[in-house]
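*Asks:* Just the structure for this:
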Amino acid sequence: MTIRRNATLMAAVTAGVAGALVVAALPAMARPGDGQGRPGGQGQPTQQGEARGNEQGRGNEQGRGNEQGRGNEQGRGNDQGGGNDPAQGTVTIDVPATITPGTSFTGTATVTMNTSVATAQPSANPGTIQARVESACGSLVPEVKTTTTGAIVSFTLTCREGLRGPIPLTVSITTAGRPALVGRTMLTLATPAAVLDASTLYSFDGAGNNLANPLWGSAGNALIRKSGVAYGDSMSTPAGASRPSARLVSNTVSAQSASVTNDREMSDFAYVWGQFLDHDINRSTNGSEKFPITVPASDPSFDPAGTGSKTISFSRSNVAAGTGTSTANPRQQTGLVTAFVDGSQIY
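*Replies:* Okay, the predicted model is just below:
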């Protein structure tokens with residue numbers, strides 16, 4: 001049957017738990033051939049249930065006026081994906097605070113149905129509740145255990161490794177095969193720890209930097225000597241027994257009445273940086289062999305009383321094992337740090 005109108009017809013169709021269908025018309029005038037509908041007065045429905053007439057037209061048989069079939073009060077549910085309708089009920093989802101990809105986790109959803117709805121709509125009875133869980137970690141039909149007020153939904157999922165969060169999880173509830181409620185939450189995934197390939201890293205002690213000679217430049221080996229030895233006995237004893245004291249040399253160089261500019265216009269940072277790099281490539285440990293430095297008499301810092309007997313404590317570096325036994329095998333020192341400019345003196 002075709003409905004003819006000379007005014008705008010606005011229709012709102014909503015599906016609720018009870019499946020009520022309501023057609024609301026504004027305004028409409030009956031025409032000849034439209035059946036029993038009469039313009040004005042007591043408009044009556046036709047056999048097919050179309051509303052006729054004005055304010056007092058009865059609508060159709062399944063939806064009396066606007067009170068029982070408008071949707072938001074009893075019938076809209078969550079079929080539009082808008083979340084829970086407080087008038088219909090609630091879905092509360094409980095999942096772990098942090099989920100590890102590759103490891104299964106268990107979650108629950110507590111469904112609470114509005115008791116007045118269950119009474120008014122028999123199809124909303126908790127005994128007919130079904131559920132579905134959907135997320136990037138998987139989709140399934142979970143176990144549903146009904147309660148006096150709704151149901152408890154239990155599910156187990158596994159988020160695949162490599163998945164990054166947060167990701168949404170949705171629990172959809174149906175009653176008697178019709179959409180009723182939807183609950184949503186976000187899954188927080190644990191960030192995987194960074195994994196380093198040890199084969200691509202330099203060793204702490206410098207070993208293995210030279211693949212053909214793995215121990216070259218590594219800590220714990222004798223320092224490389226680039227010039228001939230100058231020991232007092234050409235083998236092990238200190239040289240310079242007839243030379244001035246190192247303290248006297250230092251005092252003489254530092255005794256200047258005015259600032260002396262470096263001939264290359266470099267600041268003190270040049271020697272400080274040089275000392276810093278020196279400790280990065282050839283640091284060694286002090287041994288037990290004492291070699292005190294003579295202090296000039298009346299030294300302002302070490303011998304202000306002028307005794308002439310003061311010394312500055314000093315110890316020679318440890319000897320590398322197996323060296324210093326002959327002129328062919330002179331004394332060598334062991335390096336504590338790598339021979340590479342790698343900042344090893346910092347650590």
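
*Asks:* switch to C-alpha atoms for all contacts and neighbour counts from now on
*Replies:* OK.

*Asks:* I'd like the distance between Asn329 and Val195.
*Replies:* Asn329 sits 47 Å away from Val195 when distances are taken as C-alpha to C-alpha, to the nearest Å.

*Asks:* Could you do Val153 as well?
*Replies:* As defined by C-alpha to C-alpha, Val153 lies at a distance of 38 Å from Val195.

*Asks:* Which one of the two is surrounded by more residues?
*Replies:* Val153 (26 against 6; other C-alpha atoms under 10 Å).

*Asks:* in terms of contact, does that one touch Val141 like I think?
*Replies:* No: Val153 is beyond contact range of Val141, at 9.7 Å (criterion: C-alpha atoms under 8 Å).

*Asks:* shared neighbours of those two, which are they?
*Replies:* Counting by C-alpha atoms under 8 Å, 6 or more residues apart in numbering, the common neighbours of Val153 and Val141 are Ala131.

*Asks:* can you give me the helices in the stretch 151-300 of the chain?
*Replies:* Under the criterion DSSP state H, counting those that start in this stretch, the stretch 151-300 of the chain carries helices at the ranges 246-254, 269-281.

*Asks:* can you list those in CSV and add mean pLDDT?
*Replies:* Listed next are the helices of the stretch 151-300 of the chain as CSV, based on pLDDT from 0 to 100:
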stretch, mean pLDDT
helix 246-254, 93
helix 269-281, 92
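
*Asks:* To Val95, which of the ones you listed lies closest?
*Replies:* The minimum distance between Val95 and the helices of the stretch 151-300 of the chain falls on helix 269-281, with 53.2 Å, by C-alpha to C-alpha.

*Asks:* residues of that closest one that come out buried?
*Replies:* 277, 279-281 (16 or more other C-alpha atoms under 10 Å).

*Asks:* just stretch 246-254 next, same as before
*Replies:* Buried residues in stretch 246-254, counted by 16+ other C-alpha under 10 Å: 247-248.

*Asks:* Then stretch 328-335?
*Replies:* 330-335.

*Asks:* Check stretch 217-235 too.
*Replies:* By 16+ other C-alpha under 10 Å, the buried positions in stretch 217-235 come out as 217-223, 229, 234-235.

*Asks:* Over to stretch 308-320?
*Replies:* Going by neighbour count (16+ other C-alpha under 10 Å), the buried part of stretch 308-320 is 310, 316-320.

*Asks:* ok, and for stretch 166-181, which residues are buried?
*Replies:* Buried, per 16+ other C-alpha under 10 Å, within stretch 166-181: 169-176, 178-181.

*Asks:* likewise stretch 198-213?
*Replies:* By neighbour count with 16+ other C-alpha under 10 Å, stretch 198-213 contains the buried residues 205-207, 209.

*Asks:* Also stretch 143-161?
*Replies:* Buried-residue list, stretch 143-161, by 16+ other C-alpha under 10 Å: 143-146, 149-159.

*Asks:* from the residues you listed, which ones fall inside strands?
*Replies:* Among those, the members falling in strands (DSSP state E) are 143-146, 150-158.

*Asks:* Determine which two of the buried residues of stretch 143-161 are furthest apart.
*Replies:* Spatial extent of the buried residues of stretch 143-161 (C-alpha to C-alpha) is set by the pair Thr149 and Cys159 at 31.3 Å.
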